[in-house]
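Undergrad: give the three-dimensional model of this entry:
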Amino acid sequence: MNDDNLIALPTCETTESSSDALSELIRRGARHIIAEAVDAELQV
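TA: All right, here's what the predicted structure looks like:
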């Protein structure tokens with residue numbers, strides 16, 4: 001008998017385009033934060 005309650009999570013291939021837009025927004029924000037950190041280090 002299988003009593004688990006596991007469900008399959010969607011993978012990158014099965015997610016909708018809104019997830020792609022969210023991923024791109026997160027990437028853009030991360031790039032901005034990294035660029036600011038690099039600039040701050042270079043000014044020290």
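
Undergrad: and the most centrally placed residue in the chain, what helix or strand is that in?
TA: Centroid-nearest residue in the chain, with C-alpha atoms, centre = their mean: S23, separated by 4.8 Å. Following DSSP states H and E, one finds S23 within helix 17-43.

Undergrad: which secondary structure elements does that helix sit against?
TA: Contacts defined by 3 or more C-beta pairs under 8 Å, 6 or more residues apart in numbering; DSSP states H and E place helix 17-43 against no helix or strand at all. (C-beta placed from N, C-alpha, C; glycine too.)

Undergrad: and it, what's buried?
TA: Across helix 17-43, burial judged by 16 or more other C-beta atoms under 10 Å covers no residue at all.

Undergrad: and that helix, how far out from the chain's middle?
TA: Offset of helix 17-43 from its chain centre (C-alpha atoms, centre = their mean, to the nearest Å): 10 Å.

Undergrad: residues contacting the residue nearest to the centre of the chain?
TA: Contact analysis of S23 by C-beta atoms under 8 Å, 6 or more residues apart in numbering lists nothing.

Undergrad: quick one on the thing from earlier: need the mean per-residue confidence for the helix holding S23.
TA: For helix 17-43, mean pLDDT is 91.

Undergrad: on that earlier part again, so how far is G29 from the residue nearest to the centre of the chain?
TA: According to C-beta to C-beta, to the nearest Å, S23 and G29 sit 11 Å apart.

Undergrad: also D20?
TA: Separation of D20 from G29 (C-beta to C-beta): 15 Å.

Undergrad: got phi/psi on P10?
TA: Backbone dihedrals for P10, given as degrees, to the nearest 10, come out at phi -70, psi 140.

Undergrad: try A8
TA: The phi/psi pair for A8 (degrees, to the nearest 10) is phi -80, psi 130.
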